[in-house]
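Asks: 3D model of this:
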Amino acid sequence: MRVLIVDDEKSIRTSTSAAIQAEGHQVDTADNAQVSLLKLADEAYDLVFLDLRLGDEDGLEVLGQMKRAAPQLPVVVFTAYASVSSAVAAIQRGAFDYLEKPFTPEHLRQIISRVEKQRRLEKKIVDLEEQITLQSPSIELVSGDPQMVRILDVLFRAAPTQAAVLILGESGTGKSVLARGVHERSTCKDGPFVTVSCPSLSRELLESELFGHVKGAFTGAVRDTWGKVAAAESGTLFLDEIGELPLEIQPKLLRLLQERQYERVGEHKTRLTNARIIAASNKDLKDCVRRGTFREDLYYRLDVISARIPPLRERAHDLETLAHSFLQFFSRQLGRSELHFSDSALARIRSYPWPGNIRELRNTVERSVILAREDVVDDEHFPATVPSDSDEDASVGADVTIDALEEAHIRKILGKASSLDAAAKTLGIDPATLYRKRKRLSL
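Replies: So this is what the prediction gives:
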């Protein structure tokens, strides 16, 4: 690592430099604030040791300037005038650690070891993010569709604010991708992006996952747990399929939105959060309000900035662009860069209504790339659930499995239904069963 030592005493600079260099690191020194800030502007450092008293200069003020110039840079404050108040003040201003003079080489080794460990973890996170990017095709948040252009403009103009955002649209239209896009353009982009899937758990478990719980709050609560609200601190809390949120939890979410306050299950201590709230739903929430399954006050609190994402069948400008983007991604992933769609494949892509939207298109293209033997992806490589105009009405009784027929039927019903509840009613199953089937089939 490259380390900068800032101290007005030459003996301290010399002894500290020798101890750090003995550990195999490069060292620069500065005897005042101005020189140190100039060095930080010109060079990249991995760690700074900063004296709390630089002659007539206040080390805490210098610390603040350093953190503004390089927010991620670890700065260790050291001083011969240690006190609890100065230690607290240093940590509050962003110091990585606080070291009392005189210190031993072992003290330095321990701090340097912690910084090295943190750097390894940060590198591992970057590597994992790169792996995820390579394994999953990214969806560019640009569009040639006039309606989508207006929607993206509204969402991204709202991104830097703290206003709640509500994203509506059918399953598979890319609501979670848009939510992350808003997060990445917000003032909390360096914070976490935490997702809560509202239909995935029972009311009791969902409340605990959202707000956390204390030991003994319910059967199985063997230890204190922090929920997703706490995990999203200084970041974004994304509530996916909020239309499935149980009525009993909705008042607590309303309080979270209005007052930024919440309580863990089984605890009476009120806590505060600064997490940004983004919600999404494939339901018509106004209809849910009329039917009494969603609180009207919560709906209007969420509906500060809202956008309804059109289904893929209404985005002719984007359909082929997305299909070619997925083709390029999966071709590169398999080392088959020369693949292209045949005319018949493109014709089927254009004519099919894509009830599963972007998710269905992605899965179809991935399957086709895997099955294509030559350099051409033809419509024969598409699954039976993506019929051409000629065989759409002949799917029943065709040479396909029961599972394929069920998947095709569910896709078509989801494409026509006004909500998940309406689709479940048509199919003759309860919404929870339909949710599980959608998840299994990646609809």
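Asks: what is the neighbour count of Ile111?
Replies: Ile111 has 21 neighbours, counted by other Cβ atoms under 10 Å. For the C-beta atoms, the positions are set from N, CA and C on the backbone; glycine is no exception.
Asks: would you confirm that it contacts Val76?
Replies: Yes: taking contacts as Cβ atoms under 8 Å, Ile111 lies within contact range of Val76: 5.8 Å.
Asks: against which helices or strands is the helix or strand encompassing Ile12 packed?
Replies: Per DSSP states H and E, Ile12 falls inside helix 10-21. When contacts are defined as 3 or more Cβ pairs under 8 Å, 6 or more residues apart in numbering; DSSP states H and E, helix 10-21 sits against strand 2-6, strand 26-30, helix 105-135.
Asks: now it against strand 26-30, angle please.
Replies: With axes from the mean of the first three to the mean of the last three Cα atoms, to 10 degrees defining the directions, helix 10-21 sits at 160 degrees from strand 26-30.
Asks: state the mean pLDDT of helix 10-21.
Replies: For helix 10-21, the mean pLDDT works out to 90.
Asks: which one of the helices and strands packed on helix 10-21 has the poorest average confidence?
Replies: Least confident of these, judged by mean pLDDT, is helix 105-135 with a mean of 76.
Asks: where exactly do the strands run in the stretch 101-250 of the chain?
Replies: 165-169, 193-197, 212-213, 225-226, 236-240 (DSSP state E, counting those that start in this stretch).
Asks: tell me which residues of whichever strand or helix holds Arg440 are tucked away?
Replies: Arg440 is part of helix 431-441 when elements are defined by DSSP H and E. Neighbour counts over helix 431-441 (16 or more other Cβ atoms under 10 Å) mark Pro431, Leu434, Tyr435, Lys437, Arg438, Leu441 as buried.
Asks: what's in contact with it?
Replies: Helix 431-441 is contacted from outside by 171, 199-200, 244, 407, 410, 414, 420-421, 423-424, 427, 429, 443, using Cβ atoms under 8 Å, 6 or more residues apart in numbering.
Asks: again, only using 6 Å
Replies: Contacts with helix 431-441, where a contact means Cβ atoms under 6 Å, 6 or more residues apart in numbering, come from Pro199, Glu407, Leu420, Asp421, Ala424.
Asks: now do stretch 332-342
Replies: Stretch 332-342 has contacts (Cβ under 6 Å, 6+ apart) with Ser331, Asp375, Val376, Val377, Asp378.
Asks: please redo it, this time with the cut-off set to 7 Å
Replies: By Cβ atoms under 7 Å, 6 or more residues apart in numbering, the residues outside stretch 332-342 that reach it are Leu327, Ser331, Val369, Ala372, Asp375, Val376, Val377, Asp378, Asp379.
Asks: list the buried residues of it.
Replies: By 16+ other Cβ under 10 Å, the buried positions in stretch 332-342 come out as Leu339, Phe341, Ser342.
Asks: nearest residue to the first one in space, please, no chain neighbours.
Replies: The reference is to Leu339. The shortest distance from Leu339 to any residue other than its chain neighbours is 4.4 Å, reached at Ser331 (Cβ to Cβ, 6 or more residues apart in numbering).
Asks: next up, the contacts around that neighbour.
Replies: By Cβ under 7 Å, 6+ apart, the neighbours of Ser331 are Ser337, Leu339, Val369.
Asks: quick one: which of those sit in strands?
Replies: Of the contacts of Ser331, none are assigned to strands by DSSP state E.
Asks: Ser306 is in contact with Leu166, isn't it?
Replies: Yes: between Ser306 and Leu166 there is a contact under Cβ atoms under 7 Å: 4.1 Å.
Asks: find me the pLDDT at the residue nearest to Leu339, would you?
Replies: 89.
Asks: what about it, which helix or strand?
Replies: With DSSP H and E as criterion, Ser331 is part of helix 316-333.
Asks: and whichever helix or strand comes after that helix, which strands flank it?
Replies: Using DSSP H and E, the helix or strand that follows helix 316-333 in sequence is strand 340-341. Strand pairing for strand 340-341, determined by DSSP bridges: strand 376-377 (parallel).
Asks: domain boundaries for this protein, per the record?
Replies: 2-124, 146-310, 313-441 (automatic domain parsing).
Asks: buried ones in stretch 296-310, by neighbour count?
Replies: Buried, per 16+ other Cβ under 10 Å, within stretch 296-310: Leu298, Tyr299, Arg301, Leu302, Ile305, Ser306, Ala307, Ile309, Pro310.
Asks: which residues touch that stretch?
Replies: So stretch 296-310 is contacted by 147-148, 151, 154-155, 158, 163-169, 173-175, 178, 250, 253-254, 257-258, 279, 285, 289 (Cβ under 7 Å, 6+ apart).
Asks: buried subset of the residues you listed?
Replies: Buried by 16+ other Cβ under 10 Å: 148, 151, 155, 158, 164-169, 173-175, 178, 250, 253-254, 257, 279, 285, 289, out of those.
Asks: give the next helix or strand downstream of the host helix or strand of Ala41.
Replies: Using DSSP H and E, Ala41 maps to helix 33-42. Sequence-wise, the next helix or strand downstream of helix 33-42 (DSSP H and E) is strand 47-51.
Asks: so for that next one, mean pLDDT?
Replies: Here strand 47-51 scores 90 as its mean pLDDT.
Asks: now for it, which elements pack on it?
Replies: Judged by 3 or more Cβ pairs under 7 Å, 6 or more residues apart in numbering; DSSP states H and E, the packing partners of strand 47-51 are strand 2-6, helix 59-69, strand 75-79.
Asks: centre of the chain to the second one, how far?
Replies: This points to helix 59-69. Distance of helix 59-69 from its chain centroid, counting by Cα atoms, centre = their mean, to the nearest Å, is 30 Å.
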